[in-house]
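Trainee: this is a predicted model, with the sequence first.
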Amino acid sequence: LSPVCLGSLRRAASINAEYMGEGISAAMKAKNHLVIMDCAYQGFASGDFDKDKAGLDQMIADGHNVILCQSFAKNFGLYGQRIGCCSIMCSSKEEQDRVISQLKIVARAMYSSSPIQGARIINEVLSDPDLTAQWKAEVKEMADRIIKMRELLRSR
């Protein structure tokens, strides 16, 4: 197991895409490495959700089966709610069945009754196009402030 995690806040999405283009994806494919992408801050790097997942898009376009770990705690402001998901791309139905079996074992061992209110809030927002647009605009506003603060720190 040789994971690589590229979070959007750690590296701006445009740089993520550049690194993918420089051969990381090809090298990982050649060595048959497992790709694990961490997406805990999507939207905060640039304010653009699609731009912030450029590295993930590149890995998928290059034919990797990716494990995507997403957290919505930060970009929804729901800290301590265990809001997120783990998505695993599988090559076949048989592989999918094996993966689900193992995930169920891990999930049962980690928690028996996780909080539900955060998941309901996120479902409500993402199920309504107007609320989704409002949320994305608010995340963009926060991202713009983070970018501005970084620029101010660099200039001093």
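Mentor: Good, I have the coordinates.
Trainee: per-residue pLDDT, the residue nearest in space to the middle of the chain?
Mentor: Centroid check for the chain by CA atoms, centre = their mean gives Cys39 as the closest residue, at 2.0 Å. Predicted confidence (pLDDT) for Cys39: 81.
Trainee: who's it bridged to?
Mentor: Gln70 (DSSP bridges).
Trainee: would you mind confirming that it is in contact with Gly55?
Mentor: No: the pair Cys39 / Gly55 is not scored as a contact, 9.4 Å apart, by CB atoms under 8 Å. (Glycine included, C-beta is placed from N, CA and C.)
Trainee: of all the residues in the longest helix along the chain, which ones are buried?
Mentor: Assignment by DSSP state H gives helix 129-155 as the longest helix of the chain. Neighbour counts over helix 129-155 (16 or more other CB atoms under 10 Å) mark Trp135, Lys136, Val139, Lys140, Ala143, Ile146 as buried.
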